[in-house]
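Peer 1: Structure for this input, please:
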Amino acid sequence: MSLADAAGAGPGAPWRSAPKVSGARAEGGHLAEFAENFCRFLARAHRECGELAEFDLGGQETVLMSGPEAQEAFFRAPDEQLSQALAYQVMVPVFGPGVIFDAPPERCKAQLKIQVDALRYQNMKNYAGVIAGEVEDWSAAWGEQGELELLHEFHQLTLHTATHCLLGGHFRHHLSEEFYRLYQDLQAGIQAVSFVDPYLQQPVFARRDRARERLEQLVSELIARRRASGLVVGDALETFMAGTYPDGSHLTDGEITGLVIATLFAGHHTSSGAAAWTLVELARHPEACREIVAELDAIDARGLAPGLQALREMPALEAFIGEVLRLHPPLVVLMRRVMRDFSFRDALIPAGKTVAVSIYESHQNPDYFPEPARFDPHRPEPERMFAYIPFGGGRHKCAGNAFAMLQLKAIFSALLRRYAFELAAPPERYVDEVANMTMKPRAPCVVRYRARKGSPGRTPA
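Peer 2: This next block holds a predicted model:
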């Protein structure tokens, strides 16, 4: 019996259906409204219906589960009852056949374990220095002052850092425009309509499929060179190549490519938007920024060498990033397909439907986050588990969450040692772009920078 079953109706009591959200169209149900603004639609569904709200995504009946109790039931349900794989068939053409959401349960479990191993402590120690070096190279030509368009800049930086950590320095430094184009074509293949049918005959999906095929060729060539050289690098690709299934067999080149793509998405797809929002909020809250800079100066004064240990001793920066992830969570919604009838309190959700959790809506709950629209880096964590869920929860909590935090802390600990930032437009111009699956600021998103006095490698301003 699941947690949700235990919270169901009493013996002999009738089950009710989840209340339906108003406004469904004859064609597509709520899909158009959902695609136009995920956050606004899910907030409306919650306001209108409460803990459970059923809506129609182009024929796929979906129930939004809101509030910590409902979200706990969602996250704790076994895979046999709520399937992550069936809910995310949209990712199968992106990751490739036989990878994660397209793999049998035991092979998927083994692949996810290998992915977690790629982000283990030993590798993370290497990644901290790699990211710091990338930030130094990225900012080397900035000069004393100027402006940055954050969406483009952080898209490039986080792709460089993630690729360097996952595939090694040689691949990173020999990246071509082709690689960027292929990766962008994969990203573009994730749209609201692809949750209904990711195999529609549309040009964007054809480009996605060609990109996946070409990326496998590139990664396979890299794997062949690695095997021939015997080089030991300590990156994620090395872990993927060495990983085995319970029967002792190794991953195929196609499966390795799929894990590379999946981990790149975890390390870049969401991090670029989170990084942009972090810098906006740092510029918007100068007092909190000064507190973080003082923390970094104290670390430097102690002579603590840059690296993983230093990143662990930055509570002010970590708390600031945590509040960014609350107010601007990288992922808006998580979904599962109901495999066996699923109950919560006195409601029954039949097999075949989809259940969903809105991370954005959860983080706006005033019962757990007083004045939820206010940015407060000193906000205490809510006592109620599953209220704060920027990386999901339960057994399917994002495997890349530790890497994501490492990446963000490494980027901003390096940047804030060198530069001060301010907004280039009125504060109200910096708002969430909510028509996408991932949260980022609306374009254009520009800030000004100025070199800090006495910053490393800089002439005092």
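Peer 1: Spell out the secondary structure type for S343.
Peer 2: When classified by DSSP: H, G, I helix; E, B strand; the rest coil, S343 comes out as strand.
Peer 1: export stretch 184-192 as CSV, just CAs?
Peer 2: Below are the C-alpha coordinates for stretch 184-192, written out as CSV (Å, rounded to 0.1, in the frame of the first residue of the first chain):
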residue,chain,number,x,y,z
GLN,A,184,20.4,23.5,-29.9
ASP,A,185,18.4,21.3,-32.3
LEU,A,186,18.0,18.7,-29.5
GLN,A,187,16.8,21.4,-27.1
ALA,A,188,14.4,22.8,-29.6
GLY,A,189,12.8,19.4,-29.9
ILE,A,190,11.3,19.7,-26.4
GLN,A,191,8.0,21.5,-26.7
ALA,A,192,4.6,21.3,-25.1
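Peer 1: And the residue nearest to H155 when sequence neighbours are not counted, how close does it get to D367?
Peer 2: Nearest non-adjacent residue to H155, counting by C-beta to C-beta, 6 or more residues apart in numbering: S272, 4.7 Å away. Quick note: C-beta positions are derived from backbone N, CA and C, even for glycine. Note on S272: its distance to D367, by C-beta to C-beta, to the nearest Å, is 31 Å.
Peer 1: Out of the two, name the residue with the larger neighbour count.
Peer 2: S272 (24 against 11; other C-beta atoms under 10 Å).
Peer 1: Next up, the contacts around the more buried one.
Peer 2: 151, 154-155, 157-159, 440 (C-beta atoms under 8 Å, 6 or more residues apart in numbering).
Peer 1: how about the nearest residue to L175, chain neighbours excluded?
Peer 2: L175 sits nearest to T163 (C-beta to C-beta, 6+ apart), 6.7 Å away.
Peer 1: And R379, by the same measure?
Peer 2: In space, R379 is closest to E323, 6.0 Å off (C-beta to C-beta, 6+ apart).
Peer 1: quick one on the thing from earlier: where's the residue nearest to H155 relative to E153, distance?
Peer 2: Counting by C-beta to C-beta, the gap from S272 to E153 is 9 Å.
Peer 1: And V204, by the same measure?
Peer 2: In terms of C-beta to C-beta, V204 sits 25 Å off from E153.
Peer 1: Ok, C39 next?
Peer 2: 25 Å.
Peer 1: for the residue positioned nearest the centre of the chain, what are its contacts?
Peer 2: In the chain, the centroid-proximal residue (C-alpha atoms, centre = their mean) is T270; its distance is 3.8 Å. T270 is in contact with 330-331, 404, 438, counting by C-beta under 8 Å, 6+ apart.
Peer 1: before we move on, the earlier item: and the helix or strand in which the residue nearest to H155 is found, what's its mean pLDDT?
Peer 2: Using DSSP states H and E, S272 maps to helix 271-284. For helix 271-284, mean pLDDT rounds to 95.
Peer 1: Tell me what angle the very next helix or strand once past it forms with helix 271-284.
Peer 2: Counting by DSSP H and E, the element after helix 271-284 in chain order, helix or strand, is helix 286-301. Here helix 286-301 points in a direction 110 degrees away from that of helix 271-284 (axes from the mean of the first three to the mean of the last three C-alpha atoms, to 10 degrees).
Peer 1: what sits up against helix 286-301?
Peer 2: So helix 286-301 is contacted by 282-283, 310, 313-317, 320, 377, 412-413, 416-417, 420-422, 452 (C-beta under 8 Å, 6+ apart).
Peer 1: Kindly report the same for stretch 33-44.
Peer 2: So stretch 33-44 is contacted by 21, 23, 30, 55, 57, 64, 191-193, 332-333, 356, 358, 360-361, 364, 432, 434-437 (C-beta under 8 Å, 6+ apart).
Peer 1: Any stretches of the stretch 251-400 of the chain with poor pLDDT?
Peer 2: 267 (pLDDT under 70).
Peer 1: same question, the stretch 101-250 of the chain
Peer 2: Using pLDDT under 70, the stretch 101-250 of the chain drops low at 121-122.
Peer 1: Which other helices and strands does the helix or strand hosting L166 contact?
Peer 2: Using DSSP H and E, L166 maps to helix 150-167. Helices and strands touching helix 150-167, as assessed by 3 or more C-beta pairs under 8 Å, 6 or more residues apart in numbering; DSSP states H and E, comprise helix 121-139, helix 169-173, helix 236-242, helix 253-264, helix 271-284, helix 401-418, strand 440-441.
Peer 1: Helix 401-418 and the fifth one, what's the angle between them?
Peer 2: An angle of 40 degrees separates the directions of helix 271-284 and helix 401-418 when computed by the same axes, to 10 degrees.
Peer 1: centre of the chain versus helix 271-284, how much separation?
Peer 2: Distance of helix 271-284 from the chain centroid (C-alpha atoms, centre = their mean, to the nearest Å) equals 14 Å.
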